[in-house]
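Peer 1: Quick one, what's the 3D model for this:
(one chain, ligands or ions: 1)
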Amino acid sequence: MTLIPKSHPRAKSLFIREKLVNGFEKGLVAREGLLAQGRGEAFDYLLGEKTNQAAKRAIKAAAAQLLQAQRPVISINGNVAALCPKEIIELSVHIKAKLEVNLFYTNEKRKQAIIKVLKKNGATEILGTNPKNSTRLQGIDSARRIVDKNGIFTADVVVVPLEDGDRTMALRKAGKKVITFDLNPLSRTSQTANITIVDNVTRAIELLSSEVKKLAGKNEKNLQKIISDFNNKKNLTENIIQIKKNLTRRAKIA
Ligand code: ATP
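Peer 2: As a prediction, this is how the structure comes out:
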């Protein structure tokens, strides 16, 4: 483990990177997961490494959508398990969502390492672990097409942090409402999801739990209004404009 001084101007981002590398060393994260982190870091840098107003609006819409859900499921991959296991479990408790481990580059050893971390952080029920309960989602080739009959397969709302586009499309085709965290507003996942939170999952996850608590007393009509007032395409465009502004500002400084 490298020592990052707290005074370092980008200490927070470097801590996030460190978590991922530790997760890789513990067998949670695939090599490809490190590359996904790198792509995320590049966009985080361009977004100013903070939660912007557009992301806050997406978080509010996501909270309303999750409170309205009948059968919400949170899909967990290696990066998420390495970055924010405690926070993701807290969210699942607040919204009464099931947790399902679903890996792109699957292998049993890695799956078990992820399950161990989730249990250590308080998860009691983890789906995606019993082959007898597995079934296939149409429209994807990777191992990710295997989903749990009692989880993603029957879910109405699925939270898929750091997801790949094929799976997001397949989930949408299967009639699911998809909420994602993705720092790249241009990715296929961002463009396909119903609600894209363009922010680092490590910052946004707790904000989402807080928003869920804040909106918990609202009635159906209020929640529905929050959801229908949200426009994902418009929100993504706002994020792209934010990146352009940041680039212009940086170019002027340079
Ligand atoms: P797509 O198939 O949707 O076009 P992709 O192939 O570019 O996406 P993947 O590697 O499948 O991307 O998924 C990783 C995504 O997660 C990337 O868009 C990356 O920006 C994003 N990402 C990586 N780390 C984080 C993070 N900590 N928080 C939020 N998003 C992240």
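
Peer 1: Distance from the chain centre to stretch 136-143, please.
Peer 2: A distance of 20 Å separates the centroid of the chain from that of stretch 136-143, by C-alpha atoms, centre = their mean, to the nearest Å.

Peer 1: Backbone dihedrals for Asn130, please?
Peer 2: Summarising the backbone geometry of Asn130 under the convention degrees, to the nearest 10, its torsions are phi -110, psi 110.

Peer 1: mind listing what the residue nearest to it when sequence neighbours are not counted touches?
Peer 2: Of all residues not flanking Asn130 in the chain, Asp148 sits nearest, at 7.6 Å (C-beta to C-beta, 6 or more residues apart in numbering). Quick note: C-beta positions are derived from backbone N, CA and C, even for glycine. The neighbours of Asp148, taking C-beta atoms under 8 Å, 6 or more residues apart in numbering as the test, are 100, 127-128, 130, 133-135.

Peer 1: I'd say Val212 and Gln65 touch.
Peer 2: No. With contact defined as C-beta atoms under 8 Å, Val212 does not count as touching Gln65 (10.2 Å).

Peer 1: quick one: which of these two has more around it?
Peer 2: For Val212 versus Gln65, the count of surrounding residues by other C-beta atoms under 10 Å is larger for Gln65: 24 against 20.

Peer 1: Just the pLDDT at the more buried one, thanks.
Peer 2: At Gln65, the pLDDT value in this model is 98.

Peer 1: Please name the residues that touch it.
Peer 2: The contact partners of Gln65, by C-beta under 8 Å, 6+ apart, come to 157, 177, 179, 194-195, 223, 227.

Peer 1: swap the cut-off to 7 Å and go again
Peer 2: If you count contacts by C-beta atoms under 7 Å, 6 or more residues apart in numbering, Gln65 has them with 157, 177, 179, 195, 227.
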